[in-house]
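>>> here are the coordinates; sequence isn't available:
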C-alpha cells in the first residue's frame, strides 16, 4: 500500500509537472514596471448598449453582460473593485481622457479624418491601457469590441456554427478583457500551461479560474477589504415565490446593486431609496434597493437569488418558483375564504400582481 | 501495483491532454501555418534595425515603427527594407500606451514576419503574435532555428500547423529556418489558389 501511495504521488506530481503550473498568472507591465490601479478600483464607462434581440444569458443588454463579467473578478478576498460609471458618458476610445470606456467599434481607434482608424485585423476585441512608466499606475484603459463580428452570449463550452466557425461569446471575452484592465496578462505566454480565463486563447472556460483570481489577489491583496454591509430581505431563504413581487433589501454603500438569479440572469436594481431603519448601521438613510420581478417568466423550480454590491455578494436566498406556466394570466378572477390563525381570511386574485391578496379578515 | 499506477497516470495524462486541447480559437482568431501563409501580404526574414516611437496627431495615438532590413523575402515586394506600424508607445506627456499581446522587438534580433494590414490595422502581423517567429542561432547544430513569439521552439509543421516543443513532443530538435522557408515556398502555390 505504501509503495502504491508513493507511485500515486509520483504519478500525480509528474502529471502536474507536465500539464499544470500552479498559479502561473502574469501581470501586465509597461517598460518593465508592473501596472496597477493605485486605488484598487476602476470605473468603467459602458457604451455597448443593447442588441436588437435581448441576450439569452446575462442580458438583456450588452451592458448587463459586462456588469456581470466585472462581478466575476470581484470577491471579498481582494481589494479590487470595478465600478460602473452612471450615467455613461460619450467618450472616444484611444483618447487619454480618463474614461475607461468599453464600446463596440468598427475600428480600434476613431478615424483621423483622412481615412479610417486602425482596424482590428484578426482581433475580436482589443484592450489598450495607458500607464505612467515611472510608477506603473494605470491612467486610462479602454476596450473595444469589433462591431463587425457577430456576438452572442452563452455559458459553457465553446460553440460552433454550421460552418464550423466558433460562435463568439461576448461574456467570456469581456471577462478576459476586464482581466487586462485590472492588470493581468496572458499566463500561457512563454509556454506556460495553466487553466485560466486570461490565457490568450478563448476556450471552454467561461469564468475566472483559481489562477486568475490568485493573480488579482497578488496585485490587490485583501488586507484592506471590508465586507459589504447589507441584507437581502425579500425573498427570504428557502421560501416560495410566485406572481409579480419585489426583490429588496438594503446595503450601506454601492455604486450599483445587482441581483443575480442562477448565475445566468443579472438584473440591475434601483438603489438609494429611503430606509431610515438602517441609519444607525450605515450612517445615512438612502440604502434601500429593489427590483420588481415577474417570477412567471421563469420555469417552475428552485433558484438561487444572489444580491451583489458592485459585484460583491452580500445576500443569498434559495427560492422555489411556482407558476401557471404562462408569463401573465389574463382574465382570471376569484376569491376564496380560508381559515388562518383563528380567523377566516378571504384571498382574492389580483391580476396586476399575478397573485392572491388578503381582501378581508373576519 | 505498477499496473495500477500506469493506469492512473494514463488516465490523468489523458484528462490533461484533453484539457490542453480545449482551446479551439483565440481571442485573436487562431491561425494555422497555412492561414499565415495565405493571409500574409508580405512574408520576410529580416533583422530589426530601428525602433522608433512617434505621436500621430491625426489619430491622437502613439505609434511604434519597427524597421526590418537584410531581408529574405518569401512573399510580396517590400523592397530592401520596410517599416511596420504598430499602435502603442510613448505619448507626448511621457505616459505609455500598451496593448496586451502585441509583440515587442529588440534592435538586432532576426525574425520571420507574416505581415498584413500595415498602416491599416493596429497590429500589422497576421494573428498578432502568431505572425511573428523569432530566429535563434543553434551553435551546437550550426544552424538557425525558429521559435514562436514567446521563444518556444517550433519542432515541425504537421497538417498545416506548427508543432511546438512540449513535454509531449520530447527532445525533438527545433525546426531550422531553411526548412521553414522551404515549407513556406511549397505552401505558397496552393495557398494562393
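Yep, that arrived. As the structure is a prediction and not an experimental result, all values here were calculated from the model.
>>> distance of the residue nearest in space to the middle of chain B from residue B:154?
In chain B, the residue lying closest to the centroid (Cα atoms, centre = their mean) is residue B:132, at 2.5 Å. Residue B:132 is 12 Å from residue B:154, where distance means Cβ to Cβ, to the nearest Å. For glycine as for every other residue, the C-beta is placed from the backbone atoms N, C-alpha and C.
>>> Give me the common contacts of those two.
Here residue B:132 and residue B:154 have residue B:148 as joint contacts, going by Cβ atoms under 8 Å, 6 or more residues apart in numbering or on different chains.
>>> Can you tell me how far the residue nearest to the centre of chain B is from residue B:156?
Distance from residue B:132 to residue B:156, by Cβ to Cβ: 19 Å.
>>> how deep is the closest residue to residue B:109 other than its chain neighbours tucked in, by neighbour count?
Leaving aside its sequence neighbours, residue B:109 sits nearest to residue B:48 (Cβ to Cβ, 6 or more residues apart in numbering or on different chains; 5.3 Å). As a burial measure, residue B:48 scores 19 neighbours (other Cβ atoms under 10 Å in any protein chain shown).
>>> next one: the one 3 residues further on
As a burial measure, residue B:51 scores 16 neighbours (other Cβ under 10 Å).
>>> Indicate the residue of the stretch 201-350 of chain A located nearest to chain B.
Distances between the stretch 201-350 of chain A and chain B by Cβ to the nearest Cβ are smallest at residue A:201, namely 3.8 Å.
>>> just to revisit the earlier point, distance-wise, check the residue nearest to residue B:109 relative to residue A:91.
Look at residue B:48 and residue A:91: by Cβ to Cβ, they are 35 Å apart.
>>> Domain ranges for chain A, per the record?
A:20-224, A:230-321, A:330-362 (automatic domain parsing).
>>> of all those, which lies closest to residue B:162?
domain A:20-224 (12.8 Å; Cβ to Cβ).
>>> hang on, the earlier thing: roughly how far apart are the residue nearest to residue B:109 and chain A?
Separation of residue B:48 from chain A (Cβ to the nearest Cβ, to the nearest Å) stands at 18 Å.
>>> List phi and psi for that residue.
phi -70, psi 120 (degrees, to the nearest 10).
>>> Now do the contacts for it.
B:66, B:67, B:68, B:105, B:106, B:107, B:108, B:109, B:110, B:111.
>>> In contact with the fifth one, which residues?
Residues in contact with residue B:106 (Cβ under 8 Å, 6+ apart) are B:48, B:51.
>>> and what of the second one?
The neighbourhood of residue B:67, defined by Cβ under 8 Å, 6+ apart, consists of B:48, B:49, B:50, B:51, B:52, B:81, B:82, B:83.
>>> Quick check: closest non-adjacent residue to the last one.
Counting by Cβ to Cβ, 6+ apart, residue B:67 is the residue found nearest to residue B:83 once chain neighbours are left out, at 4.5 Å.
>>> and the one you found, what element?
Residue B:67 is located in strand B:61-75, with elements delineated by DSSP states H and E.
>>> what about residue A:106, neighbour count?
14.
>>> again, but for residue B:152
Residue B:152 sits with 18 neighbouring residues when counted by other Cβ under 10 Å.
>>> Mind jotting down where the strands sit in the stretch 51-200 of chain A?
Secondary structure of the stretch 51-200 of chain A (DSSP state E, counting those that start in this stretch): strands located at A:81-84, A:100-105, A:125-131, A:138-146, A:151-152, A:168-169, A:184-185.
>>> mind checking which of these is nearest chain B?
Of all these, strand A:125-131 sits nearest to chain B, with 4.6 Å by Cβ to the nearest Cβ.
>>> What strands line up against the closest one, and which way round?
Using DSSP bridges, the strands paired with strand A:125-131 are strand A:138-146 (antiparallel), strand B:96-98 (antiparallel).
>>> For these, give me TSV that also has distance to residue B:60.
Formatted as TSV, the strands paired with strand A:125-131 follow (distance: least, Cβ to Cβ, whole Å):
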stretch	distance to residue B:60
strand A:138-146	12
strand B:96-98	11
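>>> ranges for the strands of chain B?
Remark: strands assigned in chain B by DSSP state E are B:42-56, B:61-75, B:82-87, B:89-90, B:96-98, B:110-115, B:132-138, B:143-148, B:154-158, B:161-164.
>>> weakest of these by average pLDDT?
Among the strands of chain B, strand B:161-164 has the lowest mean pLDDT, at a mean of 86.
>>> And the helix or strand where residue A:272 lies, what's buried?
Residue A:272 belongs to strand A:265-273 when assigned by DSSP H and E. For strand A:265-273, a neighbour-count test (16 or more other Cβ atoms under 10 Å in any protein chain shown) marks A:265, A:266, A:267, A:268, A:269, A:271 as buried.
>>> distance of residue B:113 from residue B:97?
Distance from residue B:113 to residue B:97, by Cβ to Cβ: 22 Å.
>>> no, scratch that, I was asking about residue B:136
As judged by Cβ to Cβ, residue B:136 and residue B:97 stand 30 Å apart.
>>> Comparing the two, which shows the higher neighbour count?
residue B:97 (24 against 17).
>>> mind listing the strands for the stretch 201-350 of chain A?
Ranges of strands within the stretch 201-350 of chain A are A:230-234, A:239-241, A:244-251, A:257-261, A:265-273, A:288-294, A:301-309, A:312-321, A:335-340, A:343-350, based on DSSP E, counting those that start in this stretch.
>>> for stretch B:66-86, how far is the first residue from the last?
End-to-end distance of stretch B:66-86: 8 Å, with Cα to Cα, to the nearest Å as the criterion.
>>> neighbours of residue A:77, just the number please.
Look at residue A:77: counted by other Cβ under 10 Å, it has 11 neighbours.
>>> What sits closest to it if chain neighbours are left out?
Spatially, and ignoring its direct neighbours in sequence, residue A:77 is nearest to residue A:222 (4.3 Å; Cβ to Cβ, 6+ apart).
>>> Low-confidence regions, the stretch 251-362 of chain A specifically.
Along the stretch 251-362 of chain A, segments meeting pLDDT under 70 span A:263-264.
>>> Now with 80, please.
A:255, A:262-266, A:310-313 (pLDDT under 80).
>>> Quick one: name the residues of it near chain B.
Counting by Cβ under 8 Å from any Cβ of the partner chain, no residue of the stretch 251-362 of chain A lies close to chain B.
>>> Give me the distance between residue B:37 and residue B:114.
7 Å.
>>> The two: which has the busier surroundings?
Remark: of residue B:37 and residue B:114, residue B:114 carries more neighbours, 27 against 24, as counted by other Cβ under 10 Å.
>>> and the more buried one, how far is that from residue B:51?
Residue B:114 is 19 Å from residue B:51, by Cβ to Cβ.
>>> I'd like to know the beta-bridge partner residues of the residue nearest to the centre of chain B.
The partner residues for residue B:132, given DSSP bridges, come to residue B:113.
>>> Could I get the full set of helices for chain A?
Remark: helices assigned in chain A by DSSP state H are A:2-19, A:62-71, A:170-182, A:210-219, A:279-282.
>>> and the ones you listed, which one's lowest on average pLDDT?
For the helices of chain A, where the average pLDDT is lowest is helix A:2-19, sitting at a mean of 32.
>>> need the contact list for the residue nearest the centre of chain A.
Nearest residue to the geometric centre of chain A (Cα atoms, centre = their mean): residue A:68, 1.5 Å. For residue A:68, the contact set (Cβ under 8 Å, 6+ apart) comprises A:58, A:171, A:258, A:260, A:266.
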